[in-house]
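Visitor: Fold the following.
(2 chains)
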Amino acid sequence: MVVIDSIANGIVIDHIRAGYGMKVLEYLNIDTDSNTVALIMNAVSEKHGRKDVVKLENVTDLDLTALGLVDHNATVNVIEDHIIVRKIKLSLPEKVTNVFRCKNPRCVTSAESGIPHIFHLADAEAEEYRCEYCDEIVKAEDL
Amino acid sequence: MLKGRSLLEPLDFSVEEMETLFSAADRIIDAPDGYADVCRGKILATLFYEPSTRTRFSFEAAMLRLGGQVIGFSEPGSSSVAKGESIADTMRTVACYADLAVIRHPKEGAPRVAALSTGMPVINAGDGGHQHPTQTLTDLLTIRRERGRFENLTIGLCGDLKFGRTVHSLIKALSRYGGIRFVLISPEELMIPDYVRKEVLQKGAAAFDEVRKLQDVMPELDALYMTRVQKERFFNEEDYIRLKDSYILDAEKMRLARPDMMVLHPLPRVNEIAVEVDADPRAVYFKQAKNGMYVRMALIMALLGLERTAEGL
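Guide: Below you'll find the predicted structure:
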């Protein structure tokens, strides 16, 4: 059993799909040099069998757009004075800007620099996004 | 009101707005001389980053017949694009000189980038294998003039449905009318892209079938829209050679069709329609090319807010 201290103030991202913890950290763009960060991989989960967990000490202001895209089934708990004061339900964002690039080699974003890379949610059930410029449909997990 | 707007994809204009364009085009066809001065003092910029004969000539002829003038380039090598200038910068510069711009570009979505870079109206004249909304205006005007309606028609689309941007635009536009059925005829490798199937066909009211053999469906069609397998859309020449002669419409196949079925083609044709079909009164593709100029005249006037001037003549 691995024991990691609970945090007094910060954010705990729980129920991350096993193996996606690093990706979550990467997309949240957390500065791991100046923040206390705990990444627990392959923890036992009653619901999911295995899960990853991320704990961020003293971090409260996060852009969760990218997180919804990486794993919208994860749960986000905001901790203040050792108590969960808020649970945030993630969902696939309607619009994603400058998080990913379109993979269609014919898309204008592959040639024109300085333009925002924008995707719109096309089908929430199928977890598919559509490129603003070329309409290419991509699975969220392939982004 | 279309004044100041851009036309980037076929659904940018409502059915009613399209109808005003078609009515204006009809009036121009009936009395073209009355429109000779409508655009006097106006300048159209044509930015063709990719070769074009019909679309560019059609836009230029449209503007000249309205009494306006045209500036632009027909291949990027003769412009600052060759020096690496971005689309956005080119557009900002062109907007200093012209009143509206037409852009054709091999990259999909380039006209949207162009429109976002300037307040000037921008018309998409074809972006890669994506959309070609003014060809759709041409196709719709032709169907409307030949058949008098869009509703309750069975439309066959044949050939390269994957990269054929005119096909994508036409399906989008026709899906808004009632009782439409599409018969999509293509080899497996050139089937309609997922975004058209999912966002337009599966969500819309139009029925559709996907088939491989043209002759089997000929008797069912009110209109057959033939397309060319486009060499320039393939990254692999081997695939192009294998697929280029998938469908050839000839007099023998035309015998299977209804006496009033119309054959449309965005042109240029290579060999997908045998020359012998040209003499068949059901072949309307050259008439379609002429309609393209008239509907572009109507579009230019509308985007410049000059419809009233024309109607008053």
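
Visitor: Which residues lie in contact with the residue in chain B that chain A sits nearest to in this structure?
Guide: With Cβ to the nearest Cβ as the measure, B:G109 is the residue of chain B nearest to chain A, at 2.4 Å. In this view, the C-beta of every residue, glycine as well, is placed from N, C-alpha and C. Applying Cβ atoms under 8 Å, 6 or more residues apart in numbering or on different chains, we find B:G109 in contact with A:C107, A:V108, A:T109, A:C131, A:E132, A:Y133, A:C134, A:D135, B:D127, B:H130.

Visitor: and of those residues, the nearest to B:K198?
Guide: A:D135 (10.3 Å; Cβ to Cβ).

Visitor: So what does the residue nearest to the residue of chain B closest to chain A when sequence neighbours are not counted have for phi and psi?
Guide: Of all residues not flanking B:G109 in the chain, A:Y133 sits nearest, at 2.4 Å (Cβ to Cβ, 6 or more residues apart in numbering or on different chains). The phi and psi values for A:Y133, taken as degrees, to the nearest 10, are phi -90, psi -50.

Visitor: Now do the strands in chain A.
Guide: Under the criterion DSSP state E, chain A contains strands at A:10-17, A:37-45, A:49-57, A:75-80, A:83-89, A:95-97, A:118-123, A:128-131, A:137-139.

Visitor: Just put those in CSV and tack on distance to B:P121.
Guide: Formatted as CSV, the strands of chain A follow (distance: least, Cβ to Cβ, whole Å):
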stretch, distance to B:P121
strand A:10-17, 47
strand A:37-45, 51
strand A:49-57, 48
strand A:75-80, 45
strand A:83-89, 43
strand A:95-97, 25
strand A:118-123, 22
strand A:128-131, 24
strand A:137-139, 29
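
Visitor: List the contacts of whichever residue of chain A sits closest to chain B.
Guide: Minimum separation of chain A from chain B (Cβ to the nearest Cβ) falls at A:Y133, amounting to 2.4 Å. Shown in contact with A:Y133 (Cβ under 8 Å, 6+ apart): A:C102, A:C107, A:V108, A:T109, A:I118, B:E108, B:G109, B:A110, B:R112, B:V113.

Visitor: can you do 6 Å?
Guide: A:C107, A:V108, A:T109, B:G109, B:R112 (Cβ atoms under 6 Å, 6 or more residues apart in numbering or on different chains).

Visitor: just checking, the third one touches A:K103?
Guide: No: the pair A:T109 and A:K103 does not pass the contact test of Cβ atoms under 6 Å, sitting 9.7 Å apart.

Visitor: okay, these two: which has more neighbours?
Guide: A direct count of neighbours by other Cβ atoms under 10 Å in any protein chain shown for A:T109 and A:K103 places A:T109 higher, at 24 against 13.

Visitor: which one is B:I273 nearest to, not counting chain neighbours?
Guide: B:L249 (4.8 Å).

Visitor: Neighbours of the one you found, how many?
Guide: Neighbour tally, B:L249, other Cβ under 10 Å: 26.

Visitor: got a list of what it touches?
Guide: Here B:L249 is in contact with B:M226, B:I273, B:V277 (Cβ under 6 Å, 6+ apart).

Visitor: A:E127: which of the contacts of A:Y133 is nearest?
Guide: For the contacts of A:Y133, the nearest to A:E127 is A:C107 (20.2 Å; Cβ to Cβ).

Visitor: For that closest one, the count of nearby residues, please.
Guide: A:C107, neighbours per other Cβ under 10 Å, totals 25.

Visitor: Give me the pLDDT for it.
Guide: pLDDT, the model's per-residue confidence, is 96 for A:C107.

Visitor: hey, what's it bridged with?
Guide: B:E108 (DSSP bridges).

Visitor: and the residue nearest to A:K95 when sequence neighbours are not counted, what pLDDT?
Guide: Excluding its sequence neighbours, the residue lying closest to A:K95 (Cβ to Cβ, 6+ apart) is A:H120, at 5.6 Å. For A:H120, the model assigns a pLDDT of 94.

Visitor: Test my guess that A:H120 contacts A:E128.
Guide: No: counting by Cβ under 6 Å, A:H120 stays clear of A:E128, with 10.1 Å between them.

Visitor: who's more crowded, these two?
Guide: Each of A:H120 and A:E128 has its neighbours counted (other Cβ under 10 Å); A:E128 has more, 21 against 13.

Visitor: Tell me who's in contact with the more buried one.
Guide: Counted by Cβ under 6 Å, 6+ apart, A:E128 has contacts A:A122, A:I137, A:K139.

Visitor: so which of those residues is the most crowded?
Guide: A:I137 (20 neighbours).

Visitor: Which residues are in contact with it?
Guide: Applying Cβ under 6 Å, 6+ apart, the residues near A:I137 are A:A122, A:E128, A:R130, B:D194, B:Y195.

Visitor: That'll do, ta.
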